[in-house]
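Participant: Quick one: sequence plus predicted model below, questions after.
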Amino acid sequence: MSEIVPSLPAVLTFAASDPTSGAGLQADLLALASMGCYPLSVVTALTVQDTAGVESFLAIDPDWVADQARCILEDMPVAAFKMGMLGSTEIVTVVAEVVSDYPDVPLVLDPVLSSGRGDEFAGDDMVSAIRELLVPQSTVVTPNIPELRRLAGEEDGEDSSLAECAQSLLDSGCEYVLVTGTHDSTADVVNTLYHRGGVLRADSWQRLPGSYHGSGCTLASALAAALASGASVPEAVRDAEEFTWQALAAGFAPGAGQFIPNRFFER
């Protein structure tokens, strides 16, 4: 009889398909596998894109999204959820209903509202639905600065501090907010983890040259993987940041656009 191999913690990601594997569903699967988890997936949208940007996307029927998730969840135990681009307000609604049945499973919400190039993925109604239905169920929300301000409901012309915006999300019910500094103008990238008591940690990383496709997906997936493996949130954040920075530093440019993280960098 062959030796029994311990099962890997399974992480279920909800995300849009990216044919380049730089971001989206394929990036999540690569990062989760590299972090020692068994990746499960629910497709929320199909995209037409290359390494330069997204040309168009087609949201999946919400019932199909819910059925994909229900089918796998009735068959396999899941140690963490990861949310990426959801595609429509209706999909946000059905996904929120699905995960509400699993309140003890950690949920990492990467609020993908636009591409790195600025291609818009979410209108105001969808942003409101994410804020009202998914943020309260989230263990960690991982917005960049523009995403944070939109989720916090900041109006044009407002200039609230990042701490105030993070507190707005915490007041909505999530446990932690990890604000990533990739869109800031600082010399180093500073990622800040907020809890209801204030800042838990602020980590500074060398800002690498060039533009990267999928850094946010990689970070959120690595964070979900670390949580699924039993790490505390502060520990998981540090592990995920280290993994992401190394993947970016080992990144490559397979096309004419952005660099893509190498999630299988040599450790």
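Facilitator: Now that the structure is in, tell me what you want to look at.
Participant: Any idea how many residues pack against residue 21?
Facilitator: 17 (other C-beta atoms under 10 Å). (Each C-beta comes from the backbone N, C-alpha and C, glycine too.)
Participant: Skipping adjacent residues, who's closest to it in space?
Facilitator: Distance criterion C-beta to C-beta, 6 or more residues apart in numbering; nearest residue to residue 21, sequence neighbours excluded, is residue 27 at 6.3 Å.
Participant: which residues touch that neighbour?
Facilitator: 18, 21, 214, 217-218, 221, 261, 263 (C-beta atoms under 8 Å, 6 or more residues apart in numbering).
Participant: Now do it against residue 215, distance only.
Facilitator: Going from residue 27 to residue 215 by C-beta to C-beta, to the nearest Å gives 9 Å.
Participant: what do those two both touch?
Facilitator: residue 261.
Participant: What is the longest helix along the chain packed up against?
Facilitator: Determined from DSSP state H, the single longest helix within the chain is helix 233-249. Identification of packing neighbours for helix 233-249 by 3 or more C-beta pairs under 8 Å, 6 or more residues apart in numbering; DSSP states H and E yields helix 24-34, strand 188-195, strand 198-206, helix 215-228.
Participant: Give the rounded mean pLDDT of the first one.
Facilitator: Translated: helix 24-34. For helix 24-34, mean pLDDT is 97.
Participant: centre of the chain versus that helix, how much separation?
Facilitator: Taking C-alpha atoms, centre = their mean, to the nearest Å, one finds the center of helix 24-34 at 11 Å from the center of the full chain.
Participant: Check which element follows that helix along the chain.
Facilitator: Next helix or strand after helix 24-34 toward the C-terminus (DSSP states H and E): strand 38-49.
Participant: separation between the residue lying closest to residue 72 once chain neighbours are set aside and residue 253?
Facilitator: Closest residue to residue 72 apart from its sequence neighbours, by C-beta to C-beta, 6+ apart: residue 40 at 5.6 Å. Residue 40 sits 30 Å away from residue 253, taking C-beta to C-beta as the criterion.
Participant: between these two, which one's more packed in?
Facilitator: Applying other C-beta under 10 Å to residue 40 and residue 253 shows that residue 40 carries more neighbours, namely 22 against 14.
Participant: The more buried one reaches residue 80, doesn't it?
Facilitator: No - Residue 40 is beyond contact range of residue 80, at 10.2 Å (criterion: C-beta atoms under 8 Å).
Participant: Find residues that contact each of the two.
Facilitator: With C-beta under 8 Å, 6+ apart as the test, residue 40 and residue 80 both reach 11-12.
Participant: How many residues are close by the closest residue to residue 23 other than its chain neighbours?
Facilitator: Closest residue to residue 23 apart from its sequence neighbours, by C-beta to C-beta, 6+ apart: residue 214 at 3.6 Å. By other C-beta under 10 Å, 30 other residues sit near residue 214.
Participant: wait, what's in contact with the residue positioned nearest the centre of the chain?
Facilitator: The structure's the chain has its C-alpha centroid closest to residue 110; by C-alpha atoms, centre = their mean the separation is 3.0 Å. Contact analysis of residue 110 by C-beta under 8 Å, 6+ apart lists 82-84, 142-143, 216-217, 219-220.
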